[in-house]
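Novice: No sequence on hand, only this structure:
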């Protein structure tokens with residue numbers, strides 16, 4: 001029997017850690033494991049399956065040291081691990097490739113779906129830094145961010161192929177001076193799993209003890225997700241029967257819970273396993289993405305696939321997903337009054353059918369997998 005080509009996945013985000021990027025990497029590994037041998041290299045705690053292997057790199061809890069230790073350790077391991085392709089699922093994983101690229105004789109692919117410098121400044125809550133300023137402002141914010149941007153650019157020039165999930169990502173790469181071919185592979189949703197007809201909404205609402213209008217958001221609890229803006233806007237509503245569910249965990253959790261401590265209608269429900277997300281989406285009425293900056297968020301795509309009315313901020317790649325007033329509502333970021341107005345208005349709208357059609361047409365999981373499989377084949381033939 002012929003040996004299957006081996007693909008090494010390097011990713012800082014992988015289940016059980018929260019986040020759409022990790023869930024996508026996990027499901028992609030499952031899907032492609034019939035054709036490729038998949039080995040996932042991730043941080044400590046990442047879980048595997050019977051279809052692919054997982055190798056964990058020990059990392060300290062300190063966020064900066066964690067990223068540094070992982071990217072160096074993972075790329076050193078990649079030098080010695082048998083594989084035909086190295087697939088970097090985020091830019092942070094690729095930075096250590098600057099140290100090892102001379103020793104790597106394998107094809108390399110990078111997904112650019114998030115920016116290391118932007119996330120670094122926002123995680124560190126750098127003095128006077130406002131996450132709503134966006135990626136380009138982060139690149140030139142101070143001496144340290146300009147230095148990190150040079151490292152980021154250098155890493156991008158070393159890989160064989162780059163793809164991103166939005167036109168906005170392509171624009172950013174051009175701004176960074178990357179003038180080579182860049183692929184566009186949009187994120188995809190499993191339309192069978194995220195199908196509203198599969199779920200008994202009334203029964204699930206009863207199980208979750210939900211009543212009235214339920215607003216919902218699910219995200220890593222980090223500063224640029226804008227959850228504080230949503231809490232403030234929701235607390236301004238005069239509807240005592242409505243509820244705000246916040247799913248997710250992260251470094252901003254303590255601050256956000258403190259902000260919402262006087263409003264018993266705001267409920268933090270912790271990280272939601274990806275397979276349980278359709279149940280929650282079935283039970284709620286409105287999905288809200290209040291990000292100060294974002295790319296092509298899976299949570300938004302999944303909510304649209306479930307036929308929900310959605311509200312999102314017109315930032316990054318989000319504006320490419322939603323046509324305002326047709327399949328969702330777009331509002332400016334960090335604008336409490338605009339969000340309050342949208343929360344009140346969206347209850348009486350019926351945008352969910354159009355939202356579902358948009359996902360079926362443009363963000364299909366099967367199509368995404370086929371494109372990545374085709375990319376692997378093309379890279380192996382070069």
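Specialist: Received, thanks. These numbers were taken from a predicted model, which means no experiment stands behind them. Numbers count the residues shown, from 1 in each chain.
Novice: Tell me which stretches of the stretch 151-300 of the chain form helices.
Specialist: Applying DSSP state H, counting those that start in this stretch to the stretch 151-300 of the chain gives helices spanning 167-175, 201-208, 227-235, 253-259, 277-283, 298-305.
Novice: what ranges of the protein fall below the confidence cut-off?
Specialist: Scanning the chain for pLDDT under 70 picks out the ranges 1-2, 17-18, 46, 62-64, 125.
Novice: Tell me, domain by domain, which residues of it belong where.
Specialist: 6-188+364-381, 196-362 (automatic domain parsing).
Novice: end to end, how far does the longest one reach?
Specialist: So that's domain 6-188+364-381. Domain 6-188+364-381 has an end-to-end distance of 14 Å (CA to CA, to the nearest Å).
Novice: would you turn the domains of the chain into CSV with mean neighbour count?
Specialist: Where C-beta positions appear, they are placed from N, C-alpha and C, glycine not excepted. Listed next are the domains of the chain as CSV, based on neighbours: other CB atoms under 10 Å:
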stretch, mean neighbour count
domain 6-188+364-381, 18
domain 196-362, 19
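Novice: re earlier: which among the helices of the stretch 151-300 of the chain is found nearest to residue 113?
Specialist: helix 167-175 (6.8 Å; CB to CB).
Novice: Report all helices and strands that that closest one contacts.
Specialist: Under the contact criterion of 3 or more CB pairs under 8 Å, 6 or more residues apart in numbering; DSSP states H and E, the helices and strands touching helix 167-175 comprise strand 107-112, helix 135-139, strand 161-164, strand 182-184, helix 318-321.
Novice: contacting residues for the nearest residue to residue 344 once chain neighbours are set aside?
Specialist: Nearest residue to residue 344 in three dimensions, chain neighbours excluded: residue 237, at 7.0 Å (CB to CB, 6 or more residues apart in numbering). Residue 237 sits next to 340, 343, 344 when contact means CB atoms under 8 Å, 6 or more residues apart in numbering.
Novice: same deal with residue 161?
Specialist: 107, 108, 109, 110, 183, 375, 379.
Novice: What's opposite the third one in the beta bridge?
Specialist: Beta-bridge partners for residue 109, by DSSP bridges, are residue 87, residue 161.
Novice: Quick check, it in contact with residue 160.
Specialist: Yes. Using CB atoms under 8 Å, residue 109 makes contact with residue 160 at a distance of 6.8 Å.
Novice: Quick check: neighbours shared by those two?
Specialist: With CB under 8 Å, 6+ apart as the test, residue 109 and residue 160 both reach residue 379.
Novice: hang on, the earlier thing: ok, which of the helices and strands packed on helix 167-175 comes nearest residue 31?
Specialist: strand 107-112 (15.3 Å).
Novice: Tell me which other helices or strands that closest one touches.
Specialist: Looks like strand 107-112 contacts strand 85-88, helix 91-94, helix 143-158, strand 161-164, helix 167-175, helix 365-381 (3+ CB pairs under 8 Å, 6+ apart).
Novice: Quick check: end-to-end length of stretch 210-223?
Specialist: End to end - CA to CA - stretch 210-223 spans 28 Å.
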